[in-house]
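>>> How does the following fold in three dimensions:
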Amino acid sequence: MADKVAFLATMPPADTPRISTMLGYALAAASMGFEVLIFWTLDGAHVVKKKVFEKLDKQIQERFKQCLEMGCKMWLCSSAATTFNIKEDEVVEGVKIMGIASFYEFASEAKITLTW
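Sure thing, here's the model as predicted:
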């Protein structure tokens with residue numbers, strides 16, 4: 001089993017530099033053989049909403065897709081989805097809606113946990 005890296009992503013869609021950097025770090029970790037999870041919550045939940053995602057910088061969209069292709073897990077916090085009324089069919093393909101307990105379980109086994 002690979003070592004794990006967990007990212008807690010809270011930045012809003014307008015914070016392009018931080019989103020891009022975080023996705024770059026996730027790609028680096030995945031290329032090093034880490035099992036990677038990005039947990040989108042708080043304002044970060046909007047990033048994975050299809051209508052918002054489609055308007056993001058093309059580099060962010062490409063890095064996001066590369067993360068998925070490299071096997072990174074992308075989870076949307078179920079509480080954030082409820083708070084912001086984001087339905088499952090409104091979420092970018094490849095993103096699962098999961099609860100905070102699932103994130104805690106993954107993060108408790110991670111070698112590295114980063115908060116953005």
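>>> Quick check: the gap between Glu35 and Ala9.
17 Å (C-beta to C-beta, to the nearest Å). Using the backbone N, CA and C atoms, a C-beta is placed for each residue, glycine as well.
>>> so what does the host helix or strand of Ala80 touch, helix or strand wise?
Here Ala80, judged by DSSP states H and E, is contained in helix 78-83. Counting contacts by 3 or more C-beta pairs under 8 Å, 6 or more residues apart in numbering; DSSP states H and E, helix 78-83 is packed against strand 95-98.
>>> one step back: more neighbours, Glu35 and Ala9?
Ala9 (26 against 19; other C-beta atoms under 10 Å).
>>> Show the pLDDT at the spatially closest residue to the more buried one that is not a sequence neighbour.
Excluding the flanking residues, the one nearest Ala9 by C-beta to C-beta, 6 or more residues apart in numbering is Gly44, at 4.1 Å. pLDDT for Gly44: 98.
>>> For Gly44, which three-state class applies?
Assigned with DSSP: H, G, I helix; E, B strand; the rest coil, Gly44 falls in the helix class.
>>> how about it, what does it touch?
With contact taken as C-beta atoms under 8 Å, 6 or more residues apart in numbering, Gly44 is in contact with Ala9, Thr10, Met11, Pro12, Ala80, Trp116.
>>> and those residues, which two are the farthest apart?
Farthest pair in the contacts of Gly44 (C-beta to C-beta) is Ala80 and Trp116. Separation: 14.2 Å.
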